[in-house]
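1. need coordinates for the below:
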Amino acid sequence: MALYEALRSCTTHPTAEELYRMVPGSGSEMSRATVYNTLEALCRAGLVRRLPTTSGCCRFDADISDHVHMRFRDSHEIRDVPAELGDRLVSSLPRQVIRNIEQALGVHIEDVNIQLIAKPPQRAE
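-> Residues are numbered from 1 along each chain as shown. Next up is the predicted model:
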């Protein structure tokens, strides 16, 4: 429960290692294997989603509602796109193109998952 609550309370989409460090007392009371096994169980139960990255480690999100993510290319940090803007992006996808993809591949598309890739914001010097 401590892992799930820590994940629900943050918006940073932590890695398993970051989550391990976030949970109070985890260094002495909880092994890293427990963190990984618990995250796997939470994903299987549909309470948490795994967000693959290009860095080789996954990030995790306890917000399982449909929403758009933005990943920074260099840091692999993931942020949520504001809901209104993400909804506008998804709703603007041409439905006919989705149907054409289904027909071309012989599948039924159940959901659309969008991840935007961005450069970090420029810092004023």
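
2. got the contact list for the most centrally placed residue in the chain?
-> The geometric centre of the chain, computed from its C-alpha atoms, lies nearest to residue 51 (C-alpha atoms, centre = their mean), at 3.8 Å. Listed by C-beta atoms under 8 Å, 6 or more residues apart in numbering, the contact set of residue 51 reads 13, 58-61, 69, 78, 115. Where C-beta positions appear, they are placed from N, C-alpha and C, glycine not excepted.

3. give me that answer again for 6 Å
-> 13, 59, 61, 78 (C-beta atoms under 6 Å, 6 or more residues apart in numbering).

4. again with residue 78
-> 13, 51, 59, 69, 71.

5. need the pLDDT of it.
-> We have a pLDDT of 89 for residue 78.

6. the closest residue to it other than its chain neighbours: what secondary structure?
-> The shortest distance from residue 78 to any non-neighbouring residue, by C-beta to C-beta, 6 or more residues apart in numbering, is to residue 13 (4.1 Å). What DSSP: H, G, I helix; E, B strand; the rest coil gives for residue 13 is coil.
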